[in-house]
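Undergrad: sequence plus the predicted model coming up.
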Amino acid sequence: MSCPPLYTSDLGAQVENFAGTQSAASACQYVTPADAGNDAEIANINAAGFFGFADWQDNGQTLLADAASTGQFGTWAISNVDFTLFDYIVVFKDGPGTNLTAFLLNELFSEGVWTTPFFNPPFELPPGKVSEDVSHLTVAKRAVPVPEPASLALFGAGMVGLGLLRRRRQRR
(Lines give C-alpha, C1' and ligand atoms only; values in the text may rest on other atoms or scores of the structure.)
Protein backbone atom coordinates (compact mmCIF):
# COMPACT_ATOMS: atom_id res chain seq x y z
CA MET A 1 0.00 0.00 0.00
CA SER A 2 1.17 3.55 -0.70
CA CYS A 3 1.89 5.92 2.18
CA PRO A 4 0.26 9.34 2.43
CA PRO A 5 2.00 12.02 0.31
CA LEU A 6 3.27 13.79 3.45
CA TYR A 7 5.65 10.85 4.07
CA THR A 8 7.74 11.88 1.04
CA SER A 9 7.02 15.62 0.74
CA ASP A 10 9.58 18.22 1.76
CA LEU A 11 7.13 19.38 4.43
CA GLY A 12 6.97 16.19 6.47
CA ALA A 13 9.21 13.49 5.03
CA GLN A 14 10.42 10.63 7.20
CA VAL A 15 13.67 10.26 5.18
CA GLU A 16 15.45 13.55 4.51
CA ASN A 17 18.77 15.23 3.78
CA PHE A 18 20.99 16.04 6.76
CA ALA A 19 19.56 19.54 7.06
CA GLY A 20 16.07 18.04 7.35
CA THR A 21 14.81 20.38 4.64
CA GLN A 22 14.38 18.12 1.59
CA SER A 23 12.90 14.68 1.11
CA ALA A 24 15.33 11.96 0.12
CA ALA A 25 12.48 9.64 -0.89
CA SER A 26 10.45 9.64 -4.07
CA ALA A 27 7.88 7.09 -2.85
CA CYS A 28 6.76 5.17 0.24
CA GLN A 29 4.92 1.86 0.66
CA TYR A 30 4.02 -0.38 3.58
CA VAL A 31 3.03 -3.99 4.09
CA THR A 32 -0.40 -4.65 5.52
CA PRO A 33 -1.73 -6.41 7.54
CA ALA A 34 0.83 -6.49 10.33
CA ASP A 35 2.60 -9.82 10.68
CA ALA A 36 4.90 -11.20 13.38
CA GLY A 37 7.12 -12.55 10.59
CA ASN A 38 7.62 -9.15 8.99
CA ASP A 39 11.33 -8.73 9.60
CA ALA A 40 13.18 -6.32 7.34
CA GLU A 41 15.08 -9.18 5.71
CA ILE A 42 15.66 -9.37 1.96
CA ALA A 43 13.36 -12.42 1.58
CA ASN A 44 10.47 -10.52 3.21
CA ILE A 45 11.24 -7.33 1.30
CA ASN A 46 11.08 -9.28 -1.97
CA ALA A 47 7.96 -11.17 -0.88
CA ALA A 48 6.30 -7.79 -0.27
CA GLY A 49 7.20 -6.70 -3.82
CA PHE A 50 8.04 -3.16 -2.77
CA PHE A 51 7.63 -0.70 -5.66
CA GLY A 52 6.67 -3.55 -8.00
CA PHE A 53 9.95 -5.47 -7.74
CA ALA A 54 10.99 -8.73 -6.12
CA ASP A 55 14.70 -8.58 -6.96
CA TRP A 56 16.01 -6.40 -4.12
CA GLN A 57 19.48 -7.34 -2.89
CA ASP A 58 21.19 -6.91 0.45
CA ASN A 59 23.38 -3.80 0.55
CA GLY A 60 25.01 -5.11 3.72
CA GLN A 61 23.19 -2.55 5.85
CA THR A 62 20.78 -3.77 8.50
CA LEU A 63 21.06 -1.41 11.44
CA LEU A 64 19.56 -1.70 14.89
CA ALA A 65 18.35 1.43 16.63
CA ASP A 66 21.13 2.31 19.04
CA ALA A 67 22.53 5.22 21.03
CA ALA A 68 22.96 7.27 17.82
CA SER A 69 19.42 6.39 16.73
CA THR A 70 16.92 6.64 19.57
CA GLY A 71 14.31 4.56 17.78
CA GLN A 72 12.32 7.64 16.84
CA PHE A 73 15.01 9.38 14.79
CA GLY A 74 18.50 8.72 13.50
CA THR A 75 20.80 8.90 10.52
CA TRP A 76 21.06 6.83 7.34
CA ALA A 77 23.71 6.46 4.63
CA ILE A 78 24.04 4.23 1.59
CA SER A 79 27.32 2.31 1.51
CA ASN A 80 29.12 2.24 -1.85
CA VAL A 81 26.32 4.24 -3.48
CA ASP A 82 26.01 4.23 -7.28
CA PHE A 83 22.67 5.54 -8.53
CA THR A 84 23.69 4.88 -12.16
CA LEU A 85 23.68 1.13 -11.47
CA PHE A 86 21.17 0.70 -8.63
CA ASP A 87 17.88 1.84 -7.13
CA TYR A 88 17.91 1.94 -3.32
CA ILE A 89 15.27 1.57 -0.63
CA VAL A 90 15.39 1.90 3.13
CA VAL A 91 12.96 -0.40 4.98
CA PHE A 92 11.88 0.30 8.57
CA LYS A 93 10.57 -2.21 11.14
CA ASP A 94 8.79 -1.40 14.40
CA GLY A 95 9.31 -4.45 16.60
CA PRO A 96 7.41 -7.75 16.51
CA GLY A 97 4.06 -7.98 14.78
CA THR A 98 4.11 -4.71 12.88
CA ASN A 99 4.33 -3.47 9.32
CA LEU A 100 7.38 -2.99 7.12
CA THR A 101 7.57 0.52 5.69
CA ALA A 102 9.85 1.18 2.70
CA PHE A 103 11.06 4.39 1.11
CA LEU A 104 12.37 4.48 -2.46
CA LEU A 105 15.33 6.84 -2.30
CA ASN A 106 15.76 9.55 -4.90
CA GLU A 107 19.15 10.35 -6.42
CA LEU A 108 19.52 13.68 -4.61
CA PHE A 109 21.02 12.32 -1.39
CA SER A 110 23.02 9.28 -0.32
CA GLU A 111 22.83 10.07 3.39
CA GLY A 112 20.63 11.97 5.78
CA VAL A 113 18.30 11.77 8.75
CA TRP A 114 15.11 9.80 9.41
CA THR A 115 12.18 10.07 11.76
CA THR A 116 9.98 7.15 12.68
CA PRO A 117 7.27 6.38 10.11
CA PHE A 118 5.36 4.67 12.95
CA PHE A 119 4.23 7.84 14.66
CA ASN A 120 0.64 8.19 13.47
CA PRO A 121 1.12 5.47 10.80
CA PRO A 122 -1.27 5.09 7.85
CA PHE A 123 -2.09 1.55 9.01
CA GLU A 124 -3.64 -0.01 12.09
CA LEU A 125 -1.19 -1.08 14.74
CA PRO A 126 -1.85 -4.50 16.34
CA PRO A 127 -4.11 -4.41 19.41
CA GLY A 128 -2.20 -3.13 22.43
CA LYS A 129 0.78 -1.95 20.36
CA VAL A 130 1.65 1.69 21.03
CA SER A 131 5.37 1.77 20.19
CA GLU A 132 6.49 4.38 17.72
CA ASP A 133 10.13 3.32 17.80
CA VAL A 134 12.01 1.82 14.88
CA SER A 135 13.63 -1.44 15.94
CA HIS A 136 15.86 -1.64 12.87
CA LEU A 137 16.21 -0.58 9.27
CA THR A 138 17.62 -2.21 6.16
CA VAL A 139 19.06 -0.59 3.05
CA ALA A 140 18.49 -2.69 -0.08
CA LYS A 141 19.36 -2.18 -3.73
CA ARG A 142 18.28 -3.50 -7.12
CA ALA A 143 20.09 -3.28 -10.44
CA VAL A 144 18.73 -0.63 -12.79
CA PRO A 145 17.83 -2.19 -16.15
CA VAL A 146 20.30 -1.32 -18.89
CA PRO A 147 18.95 -0.86 -22.44
CA GLU A 148 19.48 -3.90 -24.63
CA PRO A 149 22.06 -3.58 -27.43
CA ALA A 150 19.36 -4.34 -30.01
CA SER A 151 17.28 -1.40 -28.77
CA LEU A 152 20.29 0.88 -28.95
CA ALA A 153 21.10 -0.34 -32.49
CA LEU A 154 17.51 0.29 -33.59
CA PHE A 155 17.62 3.79 -32.10
CA GLY A 156 20.95 4.46 -33.85
CA ALA A 157 19.57 3.23 -37.20
CA GLY A 158 16.58 5.55 -36.78
CA MET A 159 18.86 8.50 -36.11
CA VAL A 160 20.95 7.72 -39.22
CA GLY A 161 17.75 7.51 -41.28
CA LEU A 162 16.57 10.87 -39.97
CA GLY A 163 19.95 12.38 -40.79
CA LEU A 164 19.82 11.05 -44.37
CA LEU A 165 16.26 12.30 -44.82
CA ARG A 166 17.25 15.76 -43.60
CA ARG A 167 20.25 15.84 -45.91
CA ARG A 168 18.09 14.80 -48.86
CA ARG A 169 15.57 17.60 -48.14
CA GLN A 170 18.34 20.20 -47.90
CA ARG A 171 19.57 19.31 -51.44
CA ARG A 172 16.22 20.18 -52.98
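TA: Yep, it's here.

Undergrad: helices of this protein, start to end?
TA: Assigned helices in the chain, in chain order: 42-48, 149-171 (criterion: DSSP state H).

Undergrad: and those, which one is worst for confidence?
TA: For the helices of the chain, the bottom mean pLDDT is recorded on helix 149-171, which sits at a mean of 66.

Undergrad: neighbours around the closest residue to residue 28 other than its chain neighbours, how many?
TA: Nearest residue to residue 28, sequence neighbours excluded (C-beta to C-beta, 6 or more residues apart in numbering): residue 3, at 3.5 Å. Using the backbone N, CA and C atoms, a C-beta is placed for each residue, glycine as well. By other C-beta atoms under 10 Å, the residues close to residue 3 number 20.

Undergrad: list the contacts for residue 3?
TA: 28, 29, 30, 101, 117, 122 (C-beta atoms under 8 Å, 6 or more residues apart in numbering).

Undergrad: of the residues you listed, closest to residue 41?
TA: residue 101 (14.6 Å; C-beta to C-beta).

Undergrad: quick check: that closest one touching residue 114?
TA: No: using C-beta atoms under 8 Å, residue 101 is not in contact with residue 114; the gap is 10.6 Å.

Undergrad: so which residues of this protein form strands?
TA: 15-16, 25-30, 57-64, 73-77, 86-93, 101-105, 111-115, 136-143 (DSSP state E).

Undergrad: could I get the ones you listed as TSV with mean neighbour count, distance to residue 9 and mean pLDDT?
TA: Output for the strands of the chain, formatted as TSV (neighbours: other C-beta atoms under 10 Å; distance: least, C-beta to C-beta, whole Å; pLDDT from 0 to 100):
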stretch	mean neighbour count	distance to residue 9	mean pLDDT
strand 15-16	23	10	94
strand 25-30	21	10	95
strand 57-64	15	25	82
strand 73-77	16	18	88
strand 86-93	23	17	94
strand 101-105	26	12	95
strand 111-115	19	13	92
strand 136-143	21	20	92
